[in-house]
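Undergrad: Quick one: sequence and predicted model below, then my questions.
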Amino acid sequence: MWSDQDLVEVLRSSVPYYLVVALPLLIMLSPVPVVDAAAEFTVYRLQQYDLHGVAHGSRSSLVNVEARSLEAGSVGRRCVLARLADLTPTHYQRVVSQGAVSLLILLPVNLTALSPNHRQLVQDVEAAMLEAESQLAVYLAYETPELLDIYNSVRASSDTHTASSAAAALVSSLSTDGYQMVVGGSQSKLIPDMTLTNIQGKLSGYGVEEQLPTIAIVAHYDAFAAAPELAWGGDSNGSGVVVLLELARILSRLYTSPRTHPRLNLAFLLSAGGYINYQGSKRFLEDHLDASDSPLLSETHFTLCLDTIGTGDTLRLHVSKRPRENSPGHRFYQALEEAGAQAGITVEMVHRKINLQEDTQAWEHEKYSMRRLPAFSLSRLQGPKTGERGSVVDTPENVDLAALTRNTAVVANALLTHIYNTSVHDILHNGLAVTEKSVGSWLELVTSQPRSPQLLAGKNNPLVNTLYQILSRYTSEAKVTHFKADKRDPEWAFYDVTHATMAAYAVKPAAFDFLLTLGIVLYLGLIYVFLQYFPKLYSIMVKLSSPHKSKSY
């Protein structure tokens with residue numbers, strides 16, 4: 001049998017090791033994880049690019065911070081979660097000024113359901129985010145049930161205004177899980193030797209080609225939005241590309257028939273880099289005006305640039321200089337007015353002088369006008385900076401197929417009237433008629449993938465190759481021209497990491513960690529006091545439990 005003193009020594013030597021070493025080890029080896037990933041979802045990063053030496057967009061791509069809602073009082077060193085409908089330019093500026101690390105914007109699945117006011121607000125927010133550079137890592141993601149649950153939980157933990165007291169707010173924050181938002185990988189970096197591609201074709205007129213005038217039809221085929229992976233560009237400028245392809249289809253039939261072969265050259269250009277100051281048109285002009293062996297643009301009637309004509313009942317011909325009376329440009333405008341009146345739409349001319357103080361041109365035709373070539377842009381928009389060009393809300397569903405078909409027919413009618421100088425109602429029938437089926441197939445092709453410039457870069461892009469094959473089918477001299485930015489003084493540059501996977505880990509708030517640490521310290525303190533005074537306590541317990549000896553007489 002052990003004596004009382006032996007038992008005290010055993011407890012004194014083994015219990016501290018169990019409490020201080022063994023018990024924590026058992027907790028650490030428990031199969032229940034301390035932190036687990038609540039969800040993983042695809043996110044799309046804000047544009048990051050340089051234009052004319054000025055940085056734009058998000059300069060960071062890594063995230064590893066705790067989440068806060070937009071309504072939180074302080075968001076410094078946090079990832080802010082906000083729904084698209086709740087975000088304004090003022091909110092964005094506040095998030096940046098308070099030193100937030102990241103901003104995650106939740107997009108509704110159906111962007112076409114947004115009201116006109118909300119659409120305008122979204123476009124204003126996009127403009128604010130892209131106006132200048134920011135160290136904020138900005139991501140966009142479509143709403144999912146899991147992501148909405150995280151958002152609601154973060155919003156509930158951040159909302160302390162509805163609590164009845166400070167103690168209630170503290171209890172609420174301790175009982176609600178927080179979330180650590182993480183985007184790993186490497187930091188975004190410059191895309192080296194980014195290659196853009198012009199696609200051009202030509203229909204030669206009847207006669208000596210070099211002695212015939214030329215009409216150039218131009219549409220930039222790239223799109224733009226706050227996030228490259230969300231730049232579908234249904235209207236801007238998918239609609240312009242659709243009209244150009246349909247015109248090429250119709251005119252190729254007319255140019256192959258001796259009875260309808262006009263004495264006029266037609267040049268088609270699907271230009272690259274429309275949203276980076278029309279770099280494709282700039283290169284096209286350099287190739288054909290600065291090169292002495294290219295007579296294509298030596299005598300042009302006009303250049304027609306097609307831009308954003310997929311909806312609406314008004315077409316506007318934007319010009320930098322009004323065409324003279326009886327000039328080819330003036331006659332085309334008259335034909336356009338007549339064709340529009342027959343189709344029940346309004347056609348008007350908008351005059352805007354070129355601002356030579358700006359580094360970028362407002363419309364694509366300004367590139368040609370600056371080289372003293374007659375040119376204009378046809379668009380449904382009243383001005384170049386309405387926000388409708390280059391937005392995440394410009395989805396394929398944003399295009400009114402019936403309106404686009406009608407507008408395509410109006411342009412085709414006016415162009416053929418100008419070329420043949422007569423009514424063309426008898427020409428546009430059977431296989432030459434503009435139909436919704438034909439227009440819809442072109443639109444489906446053009447919007448089959450996002451078309452931000454960096455996503456179309458390279459010499460083997462599938463969409464670019466398909467567009468080249470189409471022009472090769474309808475024109476006799478189709479070709480592609482690849483070009484890059486000048487290495488010594490680049491006009492544009494783009495960066496990678498256009499999308500990523502974000503993980504949300506459920507974590508307790510910092511206050512919970514503090515209270516947990518305090519509880520552990522108190523626990524260890526009580527154990528220490530218990531062990532120090534255990535012999536005395538044991539002696540007292542032994543005396544109290546031992547039977548008293550009775551006296552004998």
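TA: That came in fine, so what should we check first?
Undergrad: Every contact and neighbour count from this point should use C-alpha atoms.
TA: Fine.
Undergrad: which SS class is Leu147?
TA: The three-state assignment at Leu147 reads helix, by DSSP: H, G, I helix; E, B strand; the rest coil.
Undergrad: which residues touch it?
TA: By CA atoms under 8 Å, 6 or more residues apart in numbering, Leu147 lies in contact with Ala39.
Undergrad: Could you check the pLDDT of it?
TA: With respect to pLDDT, Leu147 scores 96.
Undergrad: pLDDT (mean, whole number) over the strand or helix carrying Leu516?
TA: Remark: Leu516 resides in helix 510-532, with elements defined by DSSP states H and E. When pLDDT is averaged over helix 510-532, the result is 76.
Undergrad: Restrict that helix to CA atoms and write it as PDB.
TA: Only the C-alpha atoms of helix 510-532 are listed here, as PDB (Å, rounded to 0.1, in the frame of the first residue of the first chain):
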ATOM      1  CA  ALA A 510      -9.700  38.500 -33.100                       C
ATOM      2  CA  ALA A 511     -11.800  39.200 -29.900                       C
ATOM      3  CA  PHE A 512     -12.500  35.500 -29.600                       C
ATOM      4  CA  ASP A 513      -8.800  34.700 -29.900                       C
ATOM      5  CA  PHE A 514      -8.100  37.200 -27.100                       C
ATOM      6  CA  LEU A 515     -10.700  35.800 -24.800                       C
ATOM      7  CA  LEU A 516      -9.600  32.300 -25.500                       C
ATOM      8  CA  THR A 517      -6.000  33.200 -24.700                       C
ATOM      9  CA  LEU A 518      -7.200  34.900 -21.500                       C
ATOM     10  CA  GLY A 519      -9.200  31.800 -20.500                       C
ATOM     11  CA  ILE A 520      -6.100  29.600 -21.100                       C
ATOM     12  CA  VAL A 521      -4.000  31.800 -18.900                       C
ATOM     13  CA  LEU A 522      -6.600  31.700 -16.100                       C
ATOM     14  CA  TYR A 523      -6.800  27.900 -16.500                       C
ATOM     15  CA  LEU A 524      -3.100  27.400 -16.200                       C
ATOM     16  CA  GLY A 525      -3.000  29.800 -13.300                       C
ATOM     17  CA  LEU A 526      -5.600  27.800 -11.400                       C
ATOM     18  CA  ILE A 527      -3.700  24.600 -12.200                       C
ATOM     19  CA  TYR A 528      -0.500  26.100 -10.800                       C
ATOM     20  CA  VAL A 529      -2.200  27.300  -7.600                       C
ATOM     21  CA  PHE A 530      -3.900  23.900  -7.200                       C
ATOM     22  CA  LEU A 531      -0.600  22.000  -7.600                       C
ATOM     23  CA  GLN A 532       1.200  24.300  -5.200                       C
END
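Undergrad: and stretch 255-264, which residues are buried?
TA: Neighbour counts over stretch 255-264 (16 or more other CA atoms under 10 Å) mark Tyr255, His261, Pro262, Arg263, Leu264 as buried.
Undergrad: Which positions in stretch 310-320 come out as buried?
TA: In stretch 310-320, counting by 16+ other CA under 10 Å, buried: Gly310, Thr311, Asp313, Thr314, Leu315, Arg316, Leu317, His318, Val319, Ser320.
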